[in-house]
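Peer 1: Fold the following for me, if possible:
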Amino acid sequence: VRGMEAEGCPFQGVLYAGVMVVKDDPYLIEYNVRFGDPECQPMMMRLQDDLLDVLYACATGKLAGYKNGLSFSANTALVVVMAAQGYPGSYSKGGSITGIHEADALPGVKVFHAGTAKNDAEEIISFGGRVLAVSASAPTVAEAQSRAYEAVDHIIFPEGFCRRDIGWRAVRAKGKAA
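Peer 2: As a prediction, the model looks like this:
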């Protein structure tokens, strides 16, 4: 970013940095000039500004003075990815998915579609490896985690799976601090 600015072409836009922390040391895995998916979804759950206004301010060079900065909810948010069996390797497509509307209706929950489609009968089916991103927001990590997994449990996706350990380190760390 500094190099681009020094060359008279300052960076303007979204810069996603994929970082892994190993034994308290951060490592840059990747970076992209786009939002990370599904990483941005918990951020969008907390963003209190209109995203279109934020993107317009960025595109017109006015983000630095945007409303004294972006506004985010104090809540915690996390995301649980529901993936097709076999992902990240070879996976099948076309598995039926139901219960999304019920999950999405839960307080503080938003189900983002990542790899879904509709079949000829207008039913939602899997069409990618990462199929759904079930995001939840709540005052604490434990509550957000509980909401996300409650929503996951409303979704019937026999050809899918999800990890059941998302957020456990943060929940454990908060428990030790209490």
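
Peer 1: I'd like to know which elements whichever strand or helix holds M44 is packed against.
Peer 2: Counting by DSSP states H and E, the element that carries M44 is helix 40-46. Using 3 or more CB pairs under 8 Å, 6 or more residues apart in numbering; DSSP states H and E as the contact definition, the elements that helix 40-46 packs against are strand 76-84, strand 109-113, strand 130-138. The way it works is simple: take the backbone N, C-alpha and C, and place the C-beta from them, glycine included.

Peer 1: Now tell me what touches whichever helix or strand comes after it from outside.
Peer 2: Remark: after helix 40-46, the chain's next helix or strand is helix 51-59, criterion DSSP H and E. Applying CB atoms under 8 Å, 6 or more residues apart in numbering, the contact partners of helix 51-59 are 12-14, 44, 47, 63, 66, 70.

Peer 1: can you give me how far stretch 124-143 is from the chain middle?
Peer 2: Taking CA atoms, centre = their mean, to the nearest Å, one finds the center of stretch 124-143 at 7 Å from the center of the full chain.

Peer 1: Oops, could you answer that again for stretch 51-58 instead?
Peer 2: Worked out by CA atoms, centre = their mean, stretch 51-58 lies 19 Å from the chain centre.

Peer 1: tell me the contacts of M4?
Peer 2: With contact taken as CB under 8 Å, 6+ apart, M4 is in contact with 10-11.

Peer 1: follow-up on the earlier one: just the ones in helices from the contacts of helix 51-59, please.
Peer 2: Secondary structure from DSSP state H places M44 of these in helices.
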